[in-house]
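# One predicted model, sequence on top.
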Amino acid sequence: MRFVGVLESMIDTAKQTPLVAPARELLDRHGSSAAESRLDPMTGQWTIYSPQRIGRPEEFVEAAARIDPNLNCPFCLGNEQATPEPVWVGSISADDSSINILKPQKTSVDERDWSVRVVPNKFPAVDPMDSDTENRGSSGLFQRKAIKGGHEVIIESRHHVHSLSDLDLAELRLVFRAYRDRLRYWRKVPGIRYLSVFKNVGVKAGASLSHSHSQLIATDRLPSHISHSLDLMTRHRATTGCCLLTDLIRGELKQQERVIWCGKKLIAYCPFASHLPMLVRVTTLEQVGCLEDLSDKRLQSVSRIVGRVISWLERLRPGTSYNFCLHTRPPAMDDPHDSFHWWIDIFPRMTQMAGFEWSSQCMINPILPEDAAARLRAVAQAEDPRRL
């Protein structure tokens, strides 16, 4: 099914939607400035929506982060010696017609013959799985335990670019191939229970280097909030016979208000209970537990739509900081009934946690997902048709 009706409706809506709407217009469009809360069935958390806060005055102006001109970027071509030995190297042919996955050993690979490199992080967040780290003493209420796994950096280009939107389609495809291959590797490592692929772009998103890169962390610990989400997904499957995220996607397609783009196999939308403004979720229409199970063709399609989503966000907010988080089925999850469905969340850093959020663990979002989707649809419709 091609969802032609959905797409036609989206295009009609986009033509009527301005790229940027004033605060008063946003309130009028939704009929009320009253706050509301929405429950995310995948996390069990509530988010407060308060559109009137989008018009509040801002007295503090943040100075733009300055790039240190004396720093010799360790990720650029020619500085390979500044990073640990690569664990994965990929190159693209001169005519972009093919990609090659190269063996990382120096004896077989020219150090400069690469387009994407994956290297161990020089400043890892976890100890190596083979380390002899011992657990320090725990007693009563004061528990401690060593945490092991792996921490890798995916250097996404040999050139000093800053965002995934700066890469061409061949480079994007290779980056996602690196994600898939390294996820497959870590999934097979005994003791690994959780896998996270994420990307920080800009100072507000937590980046320490401007050269476009992402990271993978594999750990022998399953975070408690992830465990809670897995329980909710498993219970939904047991109760309804259906995957929770797949059911949510069906609901989004039925309502159409928050869908930005939909193809034959993939969808990009702003979830009903988005906890952050302008958050976009990308996933497959059909239930697939792990991104690393996707075929080459499907993975290429995912890389293309992710690149487009980021370019749409950057057109709405030029120079924005953003994060990218991949959720794939944790190795710790025994999932014989296919209750997990992979997804990617992409979100610009427009707000920050303040006193209420820290004290309540409940986010306040000033932009309704319906409005975010409408603005992104308009940008998607206006983009270069060669990327459609």
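It's in.

# Grab the longest helix from this structure for me.
helix 296-316 (DSSP state H).

# which residues sit against that helix?
19-20, 163-165, 167, 169, 172-173, 175-177, 180, 260-261, 263, 265-266, 268, 278, 280, 282, 284, 291, 294, 320, 322, 324, 344, 346, 348, 375-376, 379-380, 383, 387 (Cβ atoms under 8 Å, 6 or more residues apart in numbering). All C-beta atoms are positioned from the backbone trio N, CA, C, and that covers glycine.

# which of these are buried?
Among these, the ones that count as buried by 16 or more other Cβ atoms under 10 Å are 163-165, 167, 172-173, 175-177, 180, 260-261, 266, 268, 278, 280, 282, 284, 291, 294, 320, 322, 324, 344, 346, 348, 375-376, 379-380.

# circling back to that earlier point, mind checking which of the contacts of helix 296-316 are in helices?
Among the contacts of helix 296-316, the members falling in helices (DSSP H) are 169, 172-173, 175-177, 180, 375-376, 379-380.

# from those residues, which is closest to Gly251?
Of all those, Gly251 sits closest to Leu376, with 19.0 Å by Cβ to Cβ.

# Contact partners for the closest one?
With contact taken as Cβ under 8 Å, 6+ apart, Leu376 is in contact with 260, 270, 278, 280, 309, 312-313, 316.

# give me that answer again for 7 Å
By Cβ atoms under 7 Å, 6 or more residues apart in numbering, Leu376 lies in contact with 260, 280, 312.

# just checking, the first one touches Tyr269?
It refers to Ile260. Yes. Between Ile260 and Tyr269 a contact is recorded at 5.7 Å, counting by Cβ atoms under 7 Å.

# Now do the shared contacts for these two.
Residues touching both Ile260 and Tyr269 (Cβ under 7 Å, 6+ apart) are Ala373.

# so where's this protein shaky on pLDDT?
Along the chain, segments meeting pLDDT under 70 span 1-34, 52-70, 94-99, 102-112, 133-136, 353, 384-388.

# mind listing the helices in it by residue range?
With DSSP H as the criterion, the chain has helices spanning 4-15, 23-29, 169-187, 224-240, 244-255, 296-316, 355-360, 369-382.

# chain center to the shortest one: distance?
Between the centre of helix 355-360 and the centre of its chain there are 24 Å (Cα atoms, centre = their mean, to the nearest Å).

# contacting residues around that helix?
With contacts defined as Cβ under 7 Å, 6+ apart, helix 355-360 is touched by 363-364.

# would you put the C-alpha positions of it in PDB?
Provided in PDB are the C-alpha atoms of helix 355-360 (Å, rounded to 0.1, in the frame of the first residue of the first chain):
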ATOM      1  CA  GLY A 355      13.700  23.500  38.100                       C
ATOM      2  CA  PHE A 356      10.300  21.900  37.400                       C
ATOM      3  CA  GLU A 357      11.600  19.300  35.000                       C
ATOM      4  CA  TRP A 358      14.400  18.300  37.400                       C
ATOM      5  CA  SER A 359      12.100  18.100  40.400                       C
ATOM      6  CA  SER A 360       9.200  16.300  38.700                       C
END
